[in-house]
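**Q** sequence unavailable; structure follows:
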């Protein structure tokens, strides 16, 4: 699996992010969807990576810098066709390594509370993330679970 810093201009990533947004709409009301679209991901405080194998896009993930010591995981997604193959774990290891390289002290995330998000919550817990309260500009939301990890 090859991880690349991505400029968010390819049709494959546009399709994967649309799949991500469509899936979020199935499980959360609009006001509780915190997934970012292409334009919002193209901000200077966000670094975005894609994971490829044999020319096929398997997944993606990003870090948003909240401040010089705190990052947020954004847009973690594995293509529906490549679930249960270690794609998300590989991307999460990359993001954790990058956060440490940047000198962050903490990495946080927001994910969903409905049952459809159980695999994501379990993945993050296996990597040492623990529940926390809202951070950055988030507010309490029954459809959100906030997690963090000290680095």
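**A** The structure has been received and is ready for your questions. Predicted model, so just to flag it, every value in this text is computed and none were measured.

**Q** who touches the helix or strand where residue 16 lies?
**A** Residue 16 belongs to helix 11-27 when assigned by DSSP states H and E. Helix 11-27 has contacts (C-beta atoms under 8 Å, 6 or more residues apart in numbering) with 6, 8, 33, 35, 37-38, 41, 50, 57, 59-60, 75, 77, 79-80, 112, 114, 116-117, 143. Using the backbone N, CA and C atoms, a C-beta is placed for each residue, glycine as well.

**Q** just checking, next helix/strand downstream of it?
**A** Next in sequence after helix 11-27, counting helices and strands by DSSP H and E, comes helix 38-41.

**Q** buried stuff in the helix holding residue 16?
**A** For helix 11-27, burial by neighbour count (16 or more other C-beta atoms under 10 Å) applies to 13, 16-17, 20-21, 24.

**Q** any chance of those residues in TSV, with distance to residue 127 and pLDDT too?
**A** Converted to TSV, the buried residues of helix 11-27 look like this (distance: C-beta to C-beta, whole Å; pLDDT from 0 to 100):
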residue	distance to residue 127	pLDDT
13	24	95
16	22	94
17	23	92
20	20	89
21	24	89
24	22	84
